[in-house]
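1. no sequence for this one, just the structure:
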């Protein structure tokens, strides 16, 4: 999401090959506060850890929900830090980090050790910020260290497909963000070539014996249906939400616009 790490065998068994319609209650990705009455309907949820007190997380867990904490490994919002490198991301104003820097590793370790006592695991985000060979090696080492610090916690990678083949036994699952729709350059659905690419990512994840989830972005009923239809064809549960991930139950028909939205036009493709 290697080698010398210890994990429960249940985490290392290949997931069952999907059959039929994927479970649309499998995953919620929600970065807002509260909404426990909605999140409790899902088997697994990804949240911002700072938004939830221990008692709220325990309340969800008592209802059979596995709660994962968001953790960025490759980008940081801090205005200053010796571990920062490069210009801010134009969308989220985050800066890439030097994954080799001891202060950055210490910050990640502190977060993991603090949150693993409360949460069931972590979503490891921004792995793809490691683009050159030096940073790739450093990111691989950091992910393996996260596994050591986290112990038996569930680890899900957000994409990071350039790293995953070298992380056997380290990651449990993968989230394919923008599985068939995106918000970049205006909300839109993928064309045929883009869909073929993400289908190849699904196949790669399954070859690596990882659990596979999707995350899609939409603001119209047409795009929502498109995302759910594509996910069903792939046998992958996907969560359809807005760019800001502020919809705990995902984009529902009553929240979606019929065709167009102020954020931009929708480019549709056939299923």
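-> Yes, it's here. Keep in mind the model is a prediction, meaning the values are calculated, not measured. Numbering: from 1, shown residues only.
2. quick one: contacts for residue 129?
-> By Cβ atoms under 8 Å, 6 or more residues apart in numbering, residue 129 lies in contact with 74-75, 96-97, 135, 139. Every residue, glycine included, has its C-beta placed from N, CA and C.
3. most neighbours out of the residues you listed, which is it?
-> Comparing the contacts of residue 129 on neighbour count, residue 97 comes out first with 31 neighbours (neighbours: other Cβ atoms under 10 Å).
4. need phi/psi at it.
-> When read as degrees, to the nearest 10, the backbone of residue 97 gives phi -110, psi 160.
5. could you check how far it is from residue 83?
-> Residue 97 sits at a distance of 5 Å from residue 83 (criterion: Cβ to Cβ, to the nearest Å).
6. again, but for residue 250
-> Between residue 250 and residue 83 the distance, using Cβ to Cβ, works out to 34 Å.
7. quick one: which of the two has more around it?
-> Ranked by neighbour count (other Cβ under 10 Å), residue 250 and residue 83 place residue 250 first, with 25 against 19.
8. hang on, the more buried one packs against residue 242?
-> No - Residue 250 lies out of contact with residue 242 (Cβ atoms under 8 Å); the separation is 9.1 Å.
9. so where's the chain shaky on pLDDT?
-> Scanning the chain for pLDDT under 70 picks out 1-21, 24, 88, 90-93, 259-271.
10. ok, back up a step: in a markdown table: the contacts of residue 129, plus distance to residue 256 and secondary structure.
-> Formatted as a markdown table, the contacts of residue 129 follow (distance: Cβ to Cβ, whole Å; DSSP: H, G, I helix; E, B strand; the rest coil):
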| residue | distance to residue 256 | secondary structure |
| --- | --- | --- |
| 74 | 32 | coil |
| 75 | 30 | strand |
| 96 | 34 | strand |
| 97 | 36 | strand |
| 135 | 39 | helix |
| 139 | 36 | helix |
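11. a markdown table for those residues, including distance to residue 197?
-> Below are these laid out as a markdown table (distance: Cβ to Cβ, whole Å):
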| residue | distance to residue 197 |
| --- | --- |
| 74 | 21 |
| 75 | 23 |
| 96 | 24 |
| 97 | 27 |
| 135 | 23 |
| 139 | 22 |
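12. from those residues, which is closest to residue 219?
-> residue 75 (24.9 Å; Cβ to Cβ).
13. ok, what's across the strand from the closest one?
-> Beta bridges link residue 75 to residue 96, judged by DSSP bridges.
14. what do you get for residue 66?
-> Applying DSSP bridges to residue 66, the residues it is bridged with are residue 44.
15. now do the same contact list for it.
-> Taking Cβ under 8 Å, 6+ apart as the test, what residue 66 contacts is 43-45, 120-121, 154.
16. looking at those, spot the one nearest residue 87.
-> Nearest to residue 87 among these, with distances taken as Cβ to Cβ, is residue 121, at 31.6 Å.
17. need the contact partners of stretch 29-36.
-> Residues contacting stretch 29-36 (Cβ under 8 Å, 6+ apart): 39, 45-48, 51-52, 56, 59-60, 70, 123, 175, 215, 239, 241, 244-249.
18. endpoints of it, how far apart?
-> Using Cα to Cα, to the nearest Å, the end-to-end distance of stretch 29-36 comes to 13 Å.
19. again, but for stretch 79-96
-> Termini of stretch 79-96 sit 12 Å apart (Cα to Cα).
20. contacts for that stretch next, please.
-> 72, 74-78, 97-98, 101, 103-104, 107, 126, 129, 184.
21. now for the residues you listed: which two are most distant?
-> 103 and 184 (31.5 Å).
22. confirm residue 250 sits in a helix?
-> No - using DSSP: H, G, I helix; E, B strand; the rest coil, the secondary structure at residue 250 is coil, not a helix.
23. residues in contact with it?
-> Contacts for residue 250 were tallied using Cβ under 8 Å, 6+ apart; they are 28, 239-241.
24. need phi/psi at it.
-> Dihedral angles for residue 250 - degrees, to the nearest 10 - are phi 80, psi 180.
25. now the end-to-end length of stretch 210-225.
-> OK, stretch 210-225 end separation, Cα to Cα: 26 Å.
26. same question for stretch 40-53.
-> Start and end residues of stretch 40-53 are separated by 15 Å (Cα to Cα).
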